[in-house]
Every structure is written in C-alpha cells, then in structure tokens.
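Q: Provided below for reference: sequence and predicted model.
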Amino acid sequence: MYGKPVYCDVDDWVPGQSAHLLPFATVAQLPKRSAEACLRELGHPKASSLTTAGAASVIRQRHILDAVIVTDGNNGFGFSRRGLTGSREAFAVEAVDTTGAGDVFGALVLLGLVQKHSVERACDLACAVAAVSVQYDGHTHLLSHPNVLLSGVSRLVQA
C-alpha cells in the first residue's frame, strides 16, 4: 500500500479486537506474551511452546502479512517474512533502564523498512540501538549525545 510498510505494534493483544488490526498491516511486531495470546485465539495447540520465530511464522501465514516480528526482551526476537524465518539473540549488555526499549526497537525497525532494508537487517539495527538505549538512565541522554549512540551501535555491530 503506497509503497511504504504499514507497521502495526501490537503491545497488548485483546482477544476479539486485535486481530481486526492486522489486515491493515504489512508488518506486525508483537511481544512474546501478545504472540502467545494471538496464537491461543487462533486455536493453535502449542501457543506457549513455540519459539519466537515459530510464533512469527504461524501468525504471518495465518494473517497473510509480509512480515511478523516477535520480541522477547533480553532473549532477542524471532521474525518471519516470505521465504525466511529466523531468530536473533539480544546483545549482552548491562541494562540500567529498560523503559522504552521496545518503542526504540519498533521505531528503528520501521525506519529500516522505510529505507528498504530487509526485515532481518532492520531488526538487527533496531536491536543494537535498543541495546545501547538500555545502558543509560533515561533515553533523553542519547538524544542530546548522539555520538554516544553512534559509537555504542558501532561497537555492538562490530563485536
């Protein structure tokens, strides 16, 4: 639609309501707890035992989306797009303040997709930026010191 991804961040799955949003999306991001709730609503027998990548694959196929990302905090994320399903571990960092990390992740995934990166590349970049963001108390520090963010991401990606 319009050549740009329609990104749906389903933070809290509401049975009977959230599924109505997905047909408008090309890409959906769900935390693991919401993915499990979605799978239960779909009647999937192994809703709680699927990996994040497995959950992403089932949700993508069932709701006919271009891509689905299922996040699991410091355990990383799983993704599924046409032709590829996979997962990545989160960067091992000393977290100080995790407030907003999911929002940072979602914003950077969307930015990557708009810039025509693959889903997995957009997620990798988003994961690095979110990992840097949780190392500071309050995220406004990174806004006023972008060099800290850039050097932190560079250090994580090169490791």
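A: Sure thing, it's come through.
Q: residues contacting stretch 77-95, please?
A: In this structure, residues lying in contact with stretch 77-95 by CB atoms under 8 Å, 6 or more residues apart in numbering are 51-57, 59-61, 66-76, 105, 118-120, 123-124, 127-128, 131-132, 134-135, 156. In short, each C-beta sits where N, CA and C put it, glycine included.
Q: need the per-residue pLDDT for residue 146.
A: In the predicted model, residue 146 carries a pLDDT score of 67.
Q: kindly report the same for residue 71.
A: Residue-level pLDDT assigned to residue 71 equals 94.
Q: export the strand or helix carrying residue 132 to CSV, keeping only CA atoms.
A: Residue 132 is part of helix 119-133 when elements are defined by DSSP states H and E. Coordinates of the C-alpha atoms in helix 119-133 are reproduced here as CSV (Å, rounded to 0.1, in the frame of the first residue of the first chain):
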residue,chain,number,x,y,z
VAL,A,119,13.3,-7.2,7.9
GLU,A,120,16.2,-9.1,9.4
ARG,A,121,18.6,-6.2,8.8
ALA,A,122,16.1,-3.6,10.1
CYS,A,123,15.7,-5.8,13.3
ASP,A,124,19.4,-6.2,13.7
LEU,A,125,19.9,-2.4,13.6
ALA,A,126,16.9,-1.9,16.0
CYS,A,127,18.3,-4.5,18.4
ALA,A,128,21.7,-2.7,18.5
VAL,A,129,20.1,0.7,19.1
ALA,A,130,17.8,-0.6,21.8
ALA,A,131,20.8,-2.4,23.5
VAL,A,132,22.6,1.0,23.7
SER,A,133,19.5,2.8,24.9
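Q: quick one: buried residues of it?
A: Neighbour counts over helix 119-133 (16 or more other CB atoms under 10 Å) mark 119-120, 122-133 as buried.
Q: quick one: which of these is nearest to residue 24?
A: residue 119 (18.1 Å; CB to CB).
Q: and that closest one, what does it touch?
A: 27, 67, 69, 79, 81, 109, 113.
Q: brilliant, that's me finished.
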